[in-house]
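Participant: fold the following.
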Amino acid sequence: MQKKMGEAVARVARKVNDTVENKTDSLDLANCKLMTFPVGIYKAMRSVTEGIHRISLANNELKSLTGRFVTTFSQLRELNLAGNYLHRLPAEVTSLLHLRAVNLSRNRFRRFPEPLAAVATLETIDLEENEI
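Facilitator: Okay, here's the model as predicted:
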C-alpha cells in the first residue's frame with residue numbers, strides 16, 4: 001500500500017514539475033487519487049499560476065475545493081472536476097472572471113452551485129449525474 005501511495009505522490013510531482021518547467025497553460029491531475037488539493041503545489045507552482053488556464057482534477061476523491069485553490073488559479077478558463085465527491089463550491093468561485101467551462105458531472109451536488117450564477121463568462125456548466 002505504501003509503495004502505491006509513493007508512486008501516486010511521485011506521479012503528481014512529475015505532472016506539476018512538467019507544467020512548471022514547460023510553462024504550459026494547463027495542469028492535469030486527473031486520476032491521481034487525490035482526496036484534497038496538495039498544499040505543496042501552491043508553493044511549487046507560484047511562478048506560473050497566472051499562466052494556468054486549464055486544470056483537470058477529474059476522477060479523484062475530492063470532497064471539497066478551497067477558496068485558496070480558486071484565488072491561486074484566478075486566470076482559469078476551464079475547470080474539470082468530474083468524478084469526485086463534491087457537493088458545493090467555495091464562494092470565491094465568483095472571482096474567476098475568465099472561467100468559460102466547468103465540468104462538475106458525476107459528483108454529489110443536490111442543487112445548482114450558486115457561486116456559478118455570478119460568473120458572467122461561463123458558457124458551459126456540466127452537472128450530469130448529480131443528485132439535482
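Participant: give me the low-pLDDT residue ranges for the protein?
Facilitator: Counting by pLDDT under 70, the chain contains low-confidence ranges at 1-5.
Participant: which residue is nearest the middle of it?
Facilitator: Central residue of the chain (CA atoms, centre = their mean): residue 57, 4.7 Å from the mean position.
Participant: the longest helix in this structure is where?
Facilitator: Assignment by DSSP state H gives helix 2-22 as the longest helix of the chain.
Participant: go through it and flag the buried ones.
Facilitator: Buried positions in helix 2-22, judged by neighbour count with 16 or more other CB atoms under 10 Å: 12, 15, 16, 19, 20. Just so you know, the C-beta spots here come from the backbone N, C-alpha and C atoms, and that holds for glycine as well.
Participant: could I get the contacting residues of the third one?
Facilitator: Read that as residue 16. Residue 16 is in contact with 27, 29, 41, 44, 45, counting by CB atoms under 8 Å, 6 or more residues apart in numbering.
Participant: which element is the third one on?
Facilitator: Going back to what we said before, that points to residue 41. According to DSSP states H and E, residue 41 maps onto helix 40-44.
Participant: gap between that helix and the chain center?
Facilitator: 14 Å (CA atoms, centre = their mean, to the nearest Å).
Participant: who's in contact with the helix or strand just after that helix?
Facilitator: For helix 40-44, the succeeding helix or strand toward the C-terminus, using DSSP H and E, is strand 54-56. Defining contact as CB under 8 Å, 6+ apart, one finds that strand 54-56 is touched by 25, 26, 27, 28, 29, 30, 73, 76, 77, 78, 79, 80.
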